[in-house]
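Engineer: 3D, please:
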Amino acid sequence: MNKDSVNISTEEDESQFDNGKVVKLIVVGCGQRGHVYSQYAIERPNRLKIVGVCDPIKYRREKMAKEFGLEQDKIFSDWNDIINLEKFADAVLIATPDQLHRDPAIAFANKGYHLLVEKPLAITEEDCKLIVDAAKKNNVMLSVCHVLRYSPINLKIKELIDSGLIGKVMNIQHLEPIGYYHFAHSYVRGNWSNIEKSSFSLLTKSCHDLDLIHFFFSSPATDGGKSKYSYKKCKKISSFGGLTYFNKENKPKEAGDAKRCLSCPISNKCPYSASKIYLEFYPWKKFVLVPDREPTLENVKLALQNGPYGVCAYESDNDVADQQIVNLEFDDGTTCSFSMVAFTEEMCIRKTRIFGTHGQLECNGSNIVYDDFRFGDKEIFTPKVIQNTKMSNHGASDYYLMRSFVYAVSQNDPTQILSGPDDTLTSHLLVFKAEESRLKNTVINF
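Structural biologist: From the prediction side, this is the model:
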């Protein structure tokens with residue numbers, strides 16, 4: 001490999017994102033994700049200030065209000081109460097449950113607030129379009145929390161692709177290993193376990209994986225528009241999979257009639273045991289189990305005795321897919337295969353292989369291995385990641401997402417956003433069409 005042929009950027013200077021303006025943000029939804037994103041205001045108070053919080057659960061909203069020193073008149077149980085006031089912030093973070101994104105997003109756009117919306121944007125194709133239309137009509141910025149676009153390792157992959165290092169990208173293989181205990185927590189017992197209560201798992205868990213694939217197949221835009229990238233058109237989609245394991249038919253006979261893990265005779269050897277996941281790993285996910293009071297060990301035990309997180313993984317009301325594959329063909333003949341799998345030891349450490357005409361890239365979540373077909377060289381890239389942050393999830397992508405959005409608002413520059421309205425809408429449509437293919441058992445012409 002000719003080392004001079006590729007311009008590989010170094011770690012960015014954080015000071016370039018300090019421009020003297022402090023963006024004011026309202027947080028609607030004070031659960032886990034809302035709280036994580038809001039930490040940017042603590043780590044970078046010269047860039048972001050939380051000026052209002054909203055959540056129907058008193059404990060959560062008051063806990064966050066105390067953390068950010070908010071007065072009582074800036075603490076809300078219903079987002080409609082904020083809409084009825086004069087605009088008092090630059091932007092709003094919508095981190096409500098997935099099925100409750102549409103109405104507040106549209107209302108805040110109509111009020112002139114810039115929007116940061118947790119993924120997925122909405123749970124139906126129509127609602128996604130309505131939110132995008134509202135943002136455009138009101139000339140407000142919309143960023144969706146497709147955090148994978150913002151991770152240093154994925155941006156390095158994108159940089160290497162755009163440099164021409166591996167020639168034309170012909171095929172991508174991408175795996176999301178959800179993690180056996182994470183899937184049991186979120187998609188068997190938790191908030192995303194039931195389609196009627198939330199949505200299908202490809203959307204709620206992996207919409208940002210298909211978005212990332214969409215991103216990797218894009219090329220730098222040359223039209224000077226609001227998006228940095230132009231995208232290939234997907235021509236065909238097929239998908240297979242479903243709920244194949246977490247049901248009563250697969251319940252071990254030795255478990256007998258036990259409906260809860262605390263009373264199960266084989267809880268100590270079941271990989272999906274709530275006793276092991278929440279008590280041995282305590283305090284893992286304790287705020288999710290006990291959202292309305294202090295999540296002490298005693299309160300966690302009570303939640304396992306009485307709540308959904310203590311139910312046997314084979315006795316829950318879950319109905320979402322526990323494994324699914326998606327195949328994509330684009331208009332130039334290039335292809336992609338994506339796998340979402342519950343049954344993995346690693347949790348959400350994506351594996352990506354990108355095959356080009358001159359070389360290939362393989363990413364294991366921390367390093368990128370480059371193999372050059374022309375000269376037989378091999379090189380390993382390890383992108384630098386910010387270390388002094390509590391926002392370290394997804395390879396610190398949570399931090400970089402917030403940095404991008406806050407800077408975009410402060411500069412009134414939507415090109416700073418990597419996951420804008422049009423990009424997001426297209427990748428969401430890929431997800432909806434993939435699920436349609438799975439349900440109809442047919443190839444969908446996109």
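
Engineer: Quick check on the nearest residue to residue 94 once chain neighbours are set aside: phi, psi?
Structural biologist: Leaving out its chain neighbours, the residue that sits closest to residue 94 by C-beta to C-beta, 6 or more residues apart in numbering is residue 117, at 4.5 Å. All C-beta atoms are positioned from the backbone trio N, CA, C, and that covers glycine. Note on residue 117: backbone dihedrals following degrees, to the nearest 10 are phi -120, psi 130.

Engineer: Need the pLDDT of residue 117.
Structural biologist: You'll see residue 117 listed with a pLDDT of 98.

Engineer: The helix or strand of the chain with the lowest mean pLDDT: partners in the sheet, and parallel or antiparallel?
Structural biologist: Least confident element among the helices and strands of the chain, by mean pLDDT, DSSP states H and E: strand 229-230 (a mean of 86). Here strand 229-230 has these sheet partners by DSSP bridges: strand 219-220 (antiparallel).

Engineer: And residue 146, how far from residue 44?
Structural biologist: 21 Å (C-beta to C-beta, to the nearest Å).

Engineer: Give me the more crowded residue out of the two.
Structural biologist: Legend: neighbour count by other C-beta atoms under 10 Å for residue 146 and residue 44, higher for residue 146 (28 against 20).

Engineer: elements contacting the next helix or strand after the least confident helix or strand of the chain?
Structural biologist: Tracing the chain past strand 229-230, the next element assigned as helix or strand by DSSP states H and E is strand 234-242. Secondary-structure packing of strand 234-242 (3 or more C-beta pairs under 8 Å, 6 or more residues apart in numbering; DSSP states H and E): strand 323-330, helix 421-440, strand 444-445.

Engineer: Tabulate these (CSV), appending distance to residue 252, mean pLDDT and mean neighbour count.
Structural biologist: Output for the helices and strands packed on strand 234-242, formatted as CSV (distance: least, C-beta to C-beta, whole Å; pLDDT from 0 to 100; neighbours: other C-beta atoms under 10 Å):
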stretch, distance to residue 252, mean pLDDT, mean neighbour count
strand 323-330, 20, 99, 20
helix 421-440, 28, 97, 21
strand 444-445, 38, 96, 14
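
Engineer: For residue 222, find the nearest of these.
Structural biologist: Nearest to residue 222, of all these, is helix 421-440, at 16.0 Å by C-beta to C-beta.

Engineer: what residues go with each domain of this protein?
Structural biologist: Domain ranges of the chain: 7-147, 248-310, per automatic domain parsing.

Engineer: Need those in TSV (columns: distance to residue 366).
Structural biologist: Below are the domains of the chain laid out as TSV (distance: least, C-beta to C-beta, whole Å):
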stretch	distance to residue 366
domain 7-147	15
domain 248-310	22
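
Engineer: ranges for the helices of the stretch 151-300 of the chain?
Structural biologist: Counting by DSSP state H, counting those that start in this stretch, the stretch 151-300 of the chain has helices at residues 152-162, 180-183, 201-216, 274, 286-289, 297-306.

Engineer: about what we covered before: can the helices and strands packed on strand 234-242 go into TSV with extra columns for distance to residue 37?
Structural biologist: Formatted as TSV, those follow (distance: least, C-beta to C-beta, whole Å):
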stretch	distance to residue 37
strand 323-330	27
helix 421-440	17
strand 444-445	34
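
Engineer: I'd like to know which of the ones you listed is closest to residue 169.
Structural biologist: Among these, if distance is taken as C-beta to C-beta, the winner is strand 323-330, at 9.9 Å.

Engineer: Give me the sheet partners of that closest one and which way each runs.
Structural biologist: The strands beside strand 323-330 in its sheet (DSSP bridges) come out as strand 234-242 (antiparallel), strand 335-341 (antiparallel).

Engineer: closest to residue 63 out of these?
Structural biologist: Nearest of the strands paired with strand 323-330 to residue 63, taken as C-beta to C-beta: strand 335-341 at 33.0 Å.

Engineer: Give me the angle between the closest one and helix 421-440.
Structural biologist: 70 degrees (axes from the mean of the first three to the mean of the last three C-alpha atoms, to 10 degrees).

Engineer: list the buried ones in strand 335-341?
Structural biologist: For strand 335-341, the neighbour count (16 or more other C-beta atoms under 10 Å) marks 336-341 as buried.

Engineer: what sits against the closest residue in space to residue 83 that isn't next to it in sequence?
Structural biologist: Distances taken as C-beta to C-beta, 6+ apart put residue 107 closest to residue 83, at 5.1 Å, once the chain neighbours are dropped. Residue 107 makes contacts with 79-80, 83, as judged by C-beta atoms under 8 Å, 6 or more residues apart in numbering.

Engineer: per-residue confidence at residue 107?
Structural biologist: 99.

Engineer: Does it lie in a helix or a strand, and which?
Structural biologist: With DSSP H and E as criterion, residue 107 is part of helix 102-110.

Engineer: Poorly predicted segments of the protein, please.
Structural biologist: For the chain, applying pLDDT under 70 flags the ranges 1-12, 224-227, 282.

Engineer: on that earlier part again, among the helices and strands packed on strand 234-242, which is nearest residue 258?
Structural biologist: Relative to residue 258, the nearest member of these by C-beta to C-beta is strand 323-330, separated by 25.6 Å.

Engineer: send the alpha carbons of the closest one over as CSV?
Structural biologist: Backbone C-alpha positions of strand 323-330 (Å, rounded to 0.1, in the frame of the first residue of the first chain) are rendered in CSV as follows:
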residue,chain,number,x,y,z
GLN,A,323,-33.0,-13.7,14.8
GLN,A,324,-33.4,-12.2,11.3
ILE,A,325,-31.4,-11.7,8.1
VAL,A,326,-31.8,-9.0,5.5
ASN,A,327,-30.5,-9.1,2.0
LEU,A,328,-30.2,-5.9,-0.2
GLU,A,329,-29.4,-5.4,-3.8
PHE,A,330,-28.7,-1.9,-5.1
